[in-house]
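In: I'd like to go over a predicted model; first the sequence, then the structure.
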Amino acid sequence: MIVTIDGVAASGKSSVASGVARALGIPYVSSGFLYRAATLLALEAGLPPSDPAPLLALLRGRPLRLEPLAGGNRVWQGERDLTPGLHSSRVDAGVSAVARLPEVRAWVDEELRALPEPFVAEGRDMGTNVFPHADAKFYLTASPRVRAERRAQERGEDAGTVEAALIERDRRDAAQSAPAPDARVIDTGPLTLEGVIGAVLAALPARTA
Ligand SMILES: Nc1ncnc2c1ncn2[C@@H]1O[C@H](COP(=O)(O)OP(=O)(O)OP(=O)(O)O)[C@@H](O)[C@H]1O
Ligand SMILES: Nc1ccn([C@H]2C[C@H](O)[C@@H](COP(=O)(O)O)O2)c(=O)n1
């Protein structure tokens, strides 16, 4: 069984996917972690963001392992846990360029499709491209301001600065961020996190709940 939760930056995908996965007793998969890990390694190696060849050689030479857990994901390269470095403003600023590379997207898709079911998968294109036959699909939205205030509170940053960065990231990620035609779209703006999780659980087909 696969449930997909897609949406724009800071719309609540990870938090909602985690809550739904816990309620179902299954892991959740954060596809963004793989894009962020590839970006972190590219930045550390000083690789050119527009040339996929050296990055793919690095990723295939020393493979990454995504560890989906009910409470969160971790990404390992050998014995090195890359997770602590994935959610920095530096990675935020560089990840869209890496995620735009078709070769990197193909690598991420291959990694995701190799994971054993069941799981909740969150990202931008889980319901459209990676798992089009998922059992249930959801797409989260909220206004840039609402998302910025949540992210700013989470990271202790200025909401105006965060809002501008989110709008820019939405623009850069637009090509892969459309909702699947059969996805249920949820505006999380008026809802608490628990309210969104409850709405997703209530909308699951009987066989998945
Ligand atoms: N409905 C909600 N009400 C209030 N706060 C929320 C809600 N949904 C998410 N949040 C909070 O908003 C912040 C961003 O949520 P989260 O990290 O899950 O978003 P995301 O879509 O996974 O972000 P990114 O695209 O950067 O990975 C977190 O602090 C989270 O707790
Ligand atoms: N399925 C996905 C997941 C993520 N991305 C890109 C776009 C995001 O800016 C970046 C980080 O994702 P996040 O951790 O913020 O969910 O990775 C993508 O293109 N496709």
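Out: Yes, it's here. Ligands and ions are numbered 1, 2, ... in the order given.
In: all helices for this protein, in order.
Out: Per DSSP state H, the chain carries helices over the ranges 13-24, 31-45, 52-61, 89-99, 102-113, 144-155, 159-173, 193-203.
In: okay, these in CSV with mean neighbour count, mean pLDDT and distance to residue 131 next?
Out: (Glycine included, C-beta is placed from N, CA and C.) Output for the helices of the chain, formatted as CSV (neighbours: other CB atoms under 10 Å; pLDDT from 0 to 100; distance: least, CB to CB, whole Å):
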stretch, mean neighbour count, mean pLDDT, distance to residue 131
helix 13-24, 22, 95, 13
helix 31-45, 22, 97, 10
helix 52-61, 15, 95, 21
helix 89-99, 19, 92, 17
helix 102-113, 16, 96, 8
helix 144-155, 17, 95, 24
helix 159-173, 17, 92, 18
helix 193-203, 16, 97, 16
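In: Write out the residues of the chain neighbouring ligand 2.
Out: 9, 13, 31-32, 35-36, 95-96, 99, 123-125, 169, 173, 176 (CB under 6 Å from any ligand atom).
In: From these, list the ones also adjacent to ligand 1.
Out: 9, 13, 32.
In: Please give me every residue in contact with residue 95.
Out: 32, 35-36, 39 (CB atoms under 8 Å, 6 or more residues apart in numbering).
In: hmm, stretch 149-158 in reach of ligand 1?
Out: Yes: using CB under 6 Å from any ligand atom, stretch 149-158 reaches ligand 1 at 150-151, 154.
In: that older thread, out of the contacts of residue 95, which is nearest to ligand 2?
Out: The shortest approach to ligand 2 among those belongs to residue 32, at 2.3 Å (CB to the nearest ligand atom).
In: Is that closest one in contact with residue 121, as I believe?
Out: No: taking contacts as CB atoms under 8 Å, residue 32 lies outside contact range of residue 121: 10.7 Å.
In: ok so, going back, which stretch among the helices of the chain approaches residue 181 most closely?
Out: helix 193-203 (16.0 Å; CB to CB).
In: Is the closest one positioned near ligand 1?
Out: Yes: contact of helix 193-203 with ligand 1 (CB under 6 Å from any ligand atom) involves 193, 196.
In: how big is the angle separating that helix from helix 13-24?
Out: On the basis of axes from the mean of the first three to the mean of the last three CA atoms, to 10 degrees, helix 193-203 is oriented at 60 degrees to helix 13-24.
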